[in-house]
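1. Any chance you could fold what I've pasted below:
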Amino acid sequence: MVTDGAVSEILVYPTMFLSASCVFALTLSWLIVTNTNACPCNQKYKDISPSANVFESAVLPNETCCLPAVGNGYLATVVYSDTIYVNGVYNGRGGASHRARIPSTAAIQVSLPSNVSVSKESYSLDLENGTFHRKVTTKEALIEQRLYAHQELSYILVNQIIISRRGPTTDPIILKLVNNTGINSKDINFKNTAPDEGTRMMYGNTVESETSTSSTISVAVNWTIIPDSITLPSNQDSKTWTFITAIGPNRMIAVASHMHATQMALEGILYSNHCRAWQDKWLHGQIEVDDITLSKAIHGSMYYILSSLPSLNYDVQTTPYHFYGLSPGGLAHGRIATDYQGHVFWDQETWMYPTMLLFHPKLGRAMLESRTYHLDAAKELAKSRGYQGAEYPWEMAYTGAEVCPAEIYSLQEIHINGDISFAVQQYLHVLRDVDFLKNRRGYEMISELAKYWESRVEFNNASGYYEIKGVKPPDEYHSNVNNSVYTNSVAQVSLLLPAYAGKFINVTAPPAWTEIADKLLILYNTTHEYHPEYEGYEIGTTVKQADSILLGFPLNVKMDNVSRYNDLQTYQPVTDPNGPAMSWSMFSIGYGEVQQPDKQREMFLRNFKNIQQPFRVWTETASGHGAVNFITGMGGFLQSVLFGYGGFRILPDHLLFNFDLPKGTTKFEVRGLDYLGSEIDFIATEKTVLVTLTDQQQGAAKLQMETAQGTVYDLVKGKPVLINRISWALIKEV
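-> Numbers count the residues shown, from 1 in each chain. Sure, this is the predicted structure:
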C-alpha cells in the first residue's frame, strides 16, 4: 500500500443474442445461459450529471447490466465485481473456451461507521479521464474512491481512496475496507505466496488449453494488501491510499509492474499520467453535438470501445503483450455461458472498427493485426476443411482455432473471411500503409483469403457465374442457403483486394481472382428491383438483422436510388424488432442516403432503447436481454452518427462527407479525423461547415477539398476553410 499526505493527485471536479454467435448444442457442456431478465435500469436510475463526459448517479445500481467498466485493452473489470479479465487469457477446450476469471483484488468496498451521517453520495464514471468515482460527503470529511485501469501502464489496475478533512474536528477518521474477491477461480490453478513488503502474489496456469496441441496460459497477480480499515490521523488534513493490482504473464513482470506503479504513486504522477493518456485519446478523436442526450450516448459508446482497446502507443512489435481483438461484450465481460464468452467475431471488423479507424488508425491496425497474428491458424483451418488459403473461424479466442461449438455456424458463416478483407481495404483507403502489407503479413493475409474464396466458389456452366453454396448469411435465421448476397459481395471484395493492394508494394495478384470476382453471382431481382437476401428468398420472410441492406452501406455496392430504397423497404418491416441493436443503425444510414429524414430519425432513435441508465451500458436487445456491455451495438450507433448524419464515406481515392445535423442539434463537430497522415476537424452548423487541417505527419500527402459545385481548396495546416453546408464535398490527395 502506498500512502502519502500530499494532495497532488486529488482533483476537484465542478441472447447472449445470436448477432455474432452461434446456438450451442443442447448438451450440458455446450448449453449457454443467457441474461434472461430484462434490464430495468432505465426505469430505476437517472444520470444526474449535466456534463456530456460524466455519468453520475446518487445510488449504485444492483443490476449487473447497469454497472460500468474500466479497462485499458489488456485488463478490465466491471466496477465492484469479483472478477478481472485479461485480453487473450482464456480457459476451456474448443467451444467451451471463455475468458478466464481472475478473482478481483481491486473491488474494494468502503464503509463508514454506523454513527456517521452521510450528507451526499454519488457514483460517477468520468469518461474524459477513464475513471470510476465514488464520492461521499459527511460533516467530518470528504471521501473519494477512484478505480481505473491505467491507460499508460497496461498491466496495472488502481484503486485509490482519499480522505480530506472537513470542519473543525481533529478526531481520527476511520473507514472499513472489504474486498469482493468472490470464490476461488475455477479457470486458473492459482498458487499463493506469503506476504512480501505489503504485497501478495498469486500465480498459475489456466486449467485447460484451448486445443489439444496448444498450451495453457500463465498468469501472475501481484497486489497491494488491503487492510481491514484505514485511518486519517488527527494531525493530518488529507491522505491518499493507493492499492495497486499488477497482472502479467509471469511473476517477474507482475512484480516489476507493481514496483513501477508504486514509484509513480509516490511521485504523485500515477493518476495524472493515466488521465493525460486518456485525454490524448479524446483529443485525437471525438464527436461533439449540442444535444446532451445524444452527446452522452456518443461519448459513452466511444469510451466503452476505447476502454477495450490498447493505448495509442500500442505497437505489436514493442508492446509487451499481444492484443487478441474485440469481443461483443467488451473486455470486462465474457465468462463461461454468457456474453459470447469473450470470443472475437465479425463484430470487430464490421461494427466497432470503422469509426475507430477514422479516429485512431493505429488502433484500427491493432485490430487487423489480431487477425494477421492468427494467419497460420487460419491456414490450418482452411486445409482441415479441404480448402486453399486461409479460412478464419467464426469465433476466435486465444489460439486462432475455431471455438464456436456448433458446426452450423462455424462451417457456414464464412462471410467473416470477406469482412476481414473489407476492413483491410478500408484501412488502405485511409492510410495506404505499406509497412502493414509488407512487414506485418497484411498482403499475405489478404492473398490467402483470396485463395480461400477461389477454392470455395463453384462455377455454374449453365449461368456462366461463380456461386457460393451452403452458407449462413448475417441473417442467422436461415442456414444452408446458396448465394447469400452479402456473403458473395464481401467475397468479391476479397478477391479484388490483392490486385488493389499490390499496387502499393509492386506485387501482381493472380488474374484469376479478378476474373472470378467479375463473374461472381450477386443476386438482383429485376421485377421488384431489389437484392434478394439469398437464392429463393421470398419477400415478407422474417430476417434476424441487417443483411442485404449492408450492400448499400458499408460495402458501397453500386446501385441506383430505387434499388437502395427498395432494399430498405423490403427488409425493414420484416427485421425482427427484438433483434440486435446494430440493425437500426444501418437502416438509419440507408434512409439518410435515399433522403427519407423521418425514417432515418425513427431508425436512429431505436438505438436509445438499448442504452441502460445511469452509466450508458448497452444491452444487446431493447428488452435488456443478450450480451452486456454490447459494444457491437455501440459501434453500429457511432457509424449511424459519423457515416449517417456526418455523411462520411471511405472511398478508394477520396474521403466524402455530407453533413446533415440530427434533429435537435445546431452544431455537429468531428475532431481528429485521420486521413492519409493528416488530422482534420469539421464543425458543421445549420448553414456552414468549417474544415481545418490540424496536424500532418512528416511526408504526408498534400490534400485538397472539392465541393459538389466544383470549388477546390488547398488544405493547409492551421488555415480553416469555410464552405456552405448544402451538399457533399470530398477530400483527396493532390
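2. After the top helix by length along the chain, which helix or strand is next? Please name it.
-> Scanning the chain for the longest helix, with DSSP state H as the assignment, gives helix 485-505. The helix or strand immediately downstream of helix 485-505 is helix 511-518, counting by DSSP states H and E.
3. Which strands and helices lie in contact with the longest helix of the chain?
-> Packed against helix 485-505 by the contact rule (3 or more C-beta pairs under 8 Å, 6 or more residues apart in numbering; DSSP states H and E) you find helix 416-431, helix 434-439, helix 442-456, helix 511-518. Every C-beta, even on glycine, is put in place using the N, C-alpha and C of the backbone.
4. Show me what counts as buried in the second one.
-> By that I understand helix 434-439. Neighbour-count burial for helix 434-439, counted by 16 or more other C-beta atoms under 10 Å, picks out 436-437.
5. Kindly tell me how buried P573 is, as a neighbour count.
-> 10 (other C-beta atoms under 10 Å).
6. Tell me if I am right that it is in a strand.
-> No. Counting by DSSP: H, G, I helix; E, B strand; the rest coil, P573 falls outside a strand, being coil.
7. and the longest helix of the chain with helix 511-518, angle?
-> For helix 485-505 against helix 511-518, the angle by axes from the mean of the first three to the mean of the last three C-alpha atoms, to 10 degrees is 150 degrees.
8. Give me the buried positions along helix 485-505.
-> Neighbour-count burial for helix 485-505 flags 485-502, 504 (criterion: 16+ other C-beta under 10 Å).
9. what about N460, how many residues close to it?
-> Residues lying near N460 (other C-beta under 10 Å) number 14.
10. next one: Q704
-> The tally of other residues near Q704 (other C-beta under 10 Å) stands at 15.
11. what's near enough to touch the nearest residue to it once chain neighbours are set aside?
-> Spatial nearest neighbour of Q704, chain neighbours left out: V734 (5.3 Å); criterion: C-beta to C-beta, 6 or more residues apart in numbering. For V734, the contact set (C-beta atoms under 8 Å, 6 or more residues apart in numbering) comprises 701-704, 714.
12. So which of those is the closest to R671?
-> Lowest distance from R671 to the contacts of V734 (C-beta to C-beta) belongs to L703, with 16.8 Å.
13. so that closest one touches V691, yeah?
-> No. Applying C-beta atoms under 8 Å as the test, L703 and V691 come out as separate, 10.0 Å apart.
14. can you list residues touching both of those two?
-> Contact criterion C-beta under 8 Å, 6+ apart; residues shared by L703 and V691: 715, 731.
15. And for the residue sitting nearest the centre point of the chain, nearest residue in space, chain neighbours not counted?
-> By C-alpha atoms, centre = their mean, the chain has its centre lying nearest to I305, at 3.5 Å. Spatial nearest neighbour of I305, excluding adjacent residues (C-beta to C-beta, 6+ apart): I631 at 5.1 Å.
16. now L294
-> Nearest residue to L294 in three dimensions, chain neighbours excluded: P662, at 6.2 Å (C-beta to C-beta, 6+ apart).
17. Pull the number of nearby residues for the one you found.
-> Residues lying near P662 (other C-beta under 10 Å) number 19.
18. before we move on, what about V59?
-> By other C-beta under 10 Å, neighbour count at V59 equals 12.
19. In terms of residue numbering, what are the domains of the protein?
-> 2-283, 676-733 (automatic domain parsing).
20. for these, which one ends up most surrounded?
-> Compared across the domains of the chain, domain 2-283 shows the largest average neighbour count, a mean of 19 (mean count of other C-beta atoms under 10 Å).
21. Show me the contacts of V734 that map onto strands.
-> Taking DSSP state E as the definition of strands, these contribute 703-704, 714.
22. got CSV for these, with distance to K139 too?
-> Output for the ones in strands among the contacts of V734, formatted as CSV (distance: C-beta to C-beta, whole Å):
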residue, distance to K139
L703, 60
Q704, 64
D714, 63
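23. Distance of G647 relative to Y303?
-> Going from G647 to Y303 by C-beta to C-beta, to the nearest Å gives 24 Å.
24. likewise I244?
-> 23 Å.
25. just F323 next, same as before
-> Relative to Y303, and taking C-beta to C-beta, F323 is found at 18 Å.
26. of these two, who's got more company?
-> Remark: of F323 and Y303, Y303 carries more neighbours, 27 against 22, as counted by other C-beta under 10 Å.
27. picking up where we left off before, can you check what pLDDT the model gives the residue nearest to Q704?
-> pLDDT, V734: 95.
28. What is the burial count for I631?
-> For I631, using other C-beta under 10 Å, the count is 29.
29. quick one: contacts for it?
-> If a contact means C-beta under 8 Å, 6+ apart, then I631 has 301, 304-305, 308, 326, 328-330, 347, 352, 618 as its contacts.
30. mind redoing it with 10 Å?
-> Going by C-beta atoms under 10 Å, 6 or more residues apart in numbering, I631 touches 301, 304-309, 326-331, 333, 347-348, 351-352, 618, 637-638.
31. Just say helix, strand or coil for G664.
-> Relying on three-state DSSP, one would call G664 coil.
32. give me the number of residues near the closest residue to it other than its chain neighbours?
-> What sits nearest to G664 in space, not counting adjacent residues and going by C-beta to C-beta, 6+ apart, is D291, at 4.8 Å. For D291, the count of nearby residues is 18 (other C-beta under 10 Å).
33. cool, and P511?
-> Neighbours around P511, by other C-beta under 10 Å: 9.
34. What separation is there between it and A517?
-> Using C-beta to C-beta, one gets 11 Å for the distance from P511 to A517.
35. Equivalent analysis for E529, please.
-> 24 Å.
36. Give me the more crowded residue out of those two.
-> Set E529 next to A517 and count neighbours by other C-beta under 10 Å: A517 wins out with 22 against 16.
37. doesn't V490 make contact with that one?
-> No. In this structure A517 lies outside contact range of V490 using C-beta atoms under 10 Å: 11.2 Å.
38. Mind listing the shared neighbours of these two?
-> Common neighbours of A517 and V490 (C-beta under 10 Å, 6+ apart) are W453.
39. Please, which helix or strand holds W584?
-> Taking DSSP H and E as the definition, one finds W584 inside helix 582-593.
40. Now do that helix: which elements does it pack against?
-> Helix 582-593 is packed against helix 561-571, helix 597-606, helix 631-639, with contacts defined by 3 or more C-beta pairs under 10 Å, 6 or more residues apart in numbering; DSSP states H and E.
41. looking at the ones you listed, which is buried most?
-> Buried most deeply of those, by mean count of other C-beta under 10 Å, is helix 631-639, with a mean of 29.
42. and the next element down the chain from that helix?
-> Note on helix 631-639: by DSSP H and E, the next helix or strand toward the C-terminus is strand 649-651.
43. After that following strand, which helix or strand is next?
-> By DSSP H and E, the next helix or strand past strand 649-651 is strand 654-657.
44. For that following strand, which strands pair with it and how are they oriented?
-> As defined by DSSP bridges, the strand partners of strand 654-657 come to strand 649-651 (antiparallel), strand 729-733 (antiparallel).
45. now it: how far from the chain's centre is it?
-> Counting by C-alpha atoms, centre = their mean, to the nearest Å, strand 654-657 is centred 24 Å from the centre of its parent chain.
46. List the buried residues of the next helix or strand after it.
-> Scanning forward in sequence from strand 654-657 by DSSP H and E, the next helix or strand is strand 667-675. Using 16+ other C-beta under 10 Å as the test for burial, strand 667-675 gives 668, 670-675.
47. wait, doesn't the residue nearest to G664 sit right on Y645?
-> No. D291 lies out of contact with Y645 (C-beta under 10 Å); the separation is 11.4 Å.
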